[in-house]
Structure formats: C-alpha cells, structure tokens
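In: Need a 3D model of the following:
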Amino acid sequence: MFRKPISLILILVFAIGFAQTVYKTENNISYYPEKISKANAYISSQCKLNFYYPTNVKNFSTVIWFHGGGLTGGNNELPKELLNENIAVVSVEYRLAPKVKAPSYIEDAAAATAWVFENIEKYGGNRNLIFQSGHSAGGYLAMMITLDKKYLQKHKIDADQIAGLIPFSGQAITHFQIRKEKGIPEMQPTIDEYAPLFHIRKDAPPIVLITGDRELELLGRYEENAYLARMLKLVSHPSIKLLEEDGFDHVAMAKPGFPLLLKEIRELTKNIKIQKILE
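Out: The predicted model follows:
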C-alpha cells in the first residue's frame, strides 16, 4: 500500500535532479548612473553590457568578460562557450581609442564591474562569486582593475572581493595603445602606473594567467605573463597559476581557453563555498 507514494517521491526527486536550467539574456544595459550617461554622449552610446543569467538557480557564479581589440575595436558578444554552464555571463562594451585615452576604458571596466556587484544579488547571484576575465585588451582591463585597487575604490568596492582573475593573453606591461598615446614606441617595453606588473600585491584575489604558445603569441605576451606570475610568487601571493596553450597563437588560444576558464571558476567557487562553511 506504500508503493504509490514512494514511486511518486522517486519521480519527483528524479525530475528535480534533471530539471533544466532556464536562462535569460538582457542586452544593452547602461552601467553608468543615468546622470553620467546623460552628460556624456559617448558614454551613453558605448558603455553598455549584455547580461546572461540562470533564472531558476540561486547563488550562481558570474564571470565578467571584456572583449579584445587593442583598446581600439572589438565586438561585445557573449562568448557562446560560456553559455549553458550554470553561471551568469556579463559581456562589457567600453569606450575606445582614439575617441578617448587612458584611463577612460579602465574606468569603464571598473564601472561595469561595480554594476555587477551592486545588482547581481537581485537576480539570484552570489556577490562573493564574481570573476574577471577577457581576451587580450580585455584581459588587460580585467588585470588592471583587479590589481590596481583605486579604480574600484571609486565605486566603494574592494578589489579583493573579486573571486578570481582569469585573463586570456592580457598585457602585463603597459598596454601598447597607452604607450602609443604617450608617444612611446610599440616595441619599447614600459612598466608604469598603467601596467598590471606595477601593481603586484600579496593580497590580490586568486589569479590564473592563460596564454598561447610562447613561440606563437603576440610579441612577448607569454613572457610578460610569466614575469607577472613570478613576481606574484616572490611577494608570496598564495594562489597564482600560469597556463600556456602549446600550439595556439594569440587569437586561436581563446577557444581552448574557455574550458580552462570554466574549470578554474568551478574549482575556485568550490573552494570559496567550503571556506564560507568553515567560517
């Protein structure tokens, strides 16, 4: 006489366990306050983000993705490799040179990140599980606002709240576009306030640097990241990895980079949740 209730329970458990995650996309969200957008036509038209998130999952992780393009171009697209992975994805459009100069695009990256911190919980996400990533110039922006704390401090956010920094072939020295703006030759390596290397610190969030093959990468991109990783280790940063994708150049490295990004997000998310339980 108990078969029917037990069978019903098993069916419900099975259905819940295999329920599909439902996602929603919201496009062209302005991430600057309305007052700032109205006062600047370029900010109003350019500073938008696309937001893809699960609607029937709570406490999900979020990755903020900054596109590449040398700080002068590029497309703001949600990477298809990050979709349907039980995480939220925020792709960010930012102002570009030559219409603006440094640090405008870095400030945009910080403003977009601040929008995520301020709003993610409204959608069911976890404020403690926000990750930074991006390819090339996008990786550079993610590195700058994570390592140089002043950009997020303007928004009353501590950069140490970022759950993890996982850039793809980001420039660790001063970006070549910024050197160009300063009249410094492209082949003249520079480390100043606009270089992630300048801001190495022991207390930065966990960092995973992903690059293409050192023999195929753009200029010295692998070596820049290797130097950044080495210096972080020397200041006793507790969680730094450097991953080199053999056989992939600067552009091609993005595709195999996405599974690595997802793997690192899952591992860091698991560690953070365990740490919260222990606390």
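
In: Now name the helix or strand holding the residue nearest to residue 269 when sequence neighbours are not counted.
Out: Leaving out its chain neighbours, the residue that sits closest to residue 269 by C-beta to C-beta, 6 or more residues apart in numbering is residue 61, at 5.0 Å. C-betas here are computed from N, CA, C, even on glycine. According to DSSP states H and E, residue 61 maps onto strand 60-66.

In: name the helices or strands packed onto the very next helix or strand once past that strand?
Out: Once the chain leaves strand 60-66, the next helix or strand it forms, by DSSP H and E, is strand 88-92. Under the contact definition 3 or more C-beta pairs under 8 Å, 6 or more residues apart in numbering; DSSP states H and E, strand 88-92 sits against strand 48-54, strand 60-66, helix 104-119.

In: give me that answer again for 6 Å
Out: If you count contacts as 3 or more C-beta pairs under 6 Å, 6 or more residues apart in numbering; DSSP states H and E, strand 88-92 packs onto strand 48-54, strand 60-66.

In: Just name the most buried of these.
Out: Comparing those by mean neighbour count (mean count of other C-beta atoms under 10 Å), strand 60-66 ranks first with a mean of 25.

In: Please enumerate the helices of the stretch 151-279 of the chain.
Out: Taking DSSP state H, counting those that start in this stretch to define them, one finds helices in the stretch 151-279 of the chain at 176-181, 221-234, 254-278.

In: about what we covered before: per-residue confidence for the residue nearest to residue 269?
Out: At residue 61, the pLDDT value in this model is 98.

In: Same check on the one 3 residues further on?
Out: Note on residue 64: pLDDT of 98.

In: shouldn't it be in contact with residue 132?
Out: Yes. Under the criterion of C-beta atoms under 6 Å, residue 64 makes contact with residue 132 at 5.5 Å.

In: The residue nearest to residue 269: what's it in contact with?
Out: Residues near residue 61 by C-beta atoms under 6 Å, 6 or more residues apart in numbering: 87, 129, 265, 269.

In: Pipe these into TSV and attach neighbour count, pLDDT and distance to residue 69 per row.
Out: Shown next, in TSV, are those (neighbours: other C-beta atoms under 10 Å; pLDDT from 0 to 100; distance: C-beta to C-beta, whole Å):
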residue	neighbour count	pLDDT	distance to residue 69
87	23	98	24
129	22	98	27
265	23	98	23
269	20	96	29
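
In: picking up where we left off before, for the strand holding residue 61, which strands pair with it and how are they oriented?
Out: Strand 60-66 pairs in its sheet with strand 88-92 (parallel), strand 125-135 (parallel), by DSSP bridges.

In: And the contacts of the last one?
Out: Residues external to strand 125-135 that are found in contact with it (C-beta under 6 Å, 6+ apart): 59-66, 68, 88, 116, 120-121, 142, 146, 162-168, 254, 261, 265, 269.

In: So which bits of it are buried?
Out: 125-126, 128-135 (16 or more other C-beta atoms under 10 Å).

In: So residue 219 versus residue 189, what's the distance?
Out: Going from residue 219 to residue 189 by C-beta to C-beta, to the nearest Å gives 9 Å.

In: What of residue 162?
Out: In terms of C-beta to C-beta, residue 162 sits 27 Å off from residue 189.

In: Show me which of the two is the more surrounded one.
Out: residue 162 (24 against 17; other C-beta atoms under 10 Å).

In: since we're on the nearest residue to that one once chain neighbours are set aside, how many residues are nearby?
Out: Leaving aside its chain neighbours, residue 162 sits nearest to residue 205 (4.6 Å; criterion: C-beta to C-beta, 6+ apart). Residue 205 sits with 19 neighbouring residues when counted by other C-beta under 10 Å.
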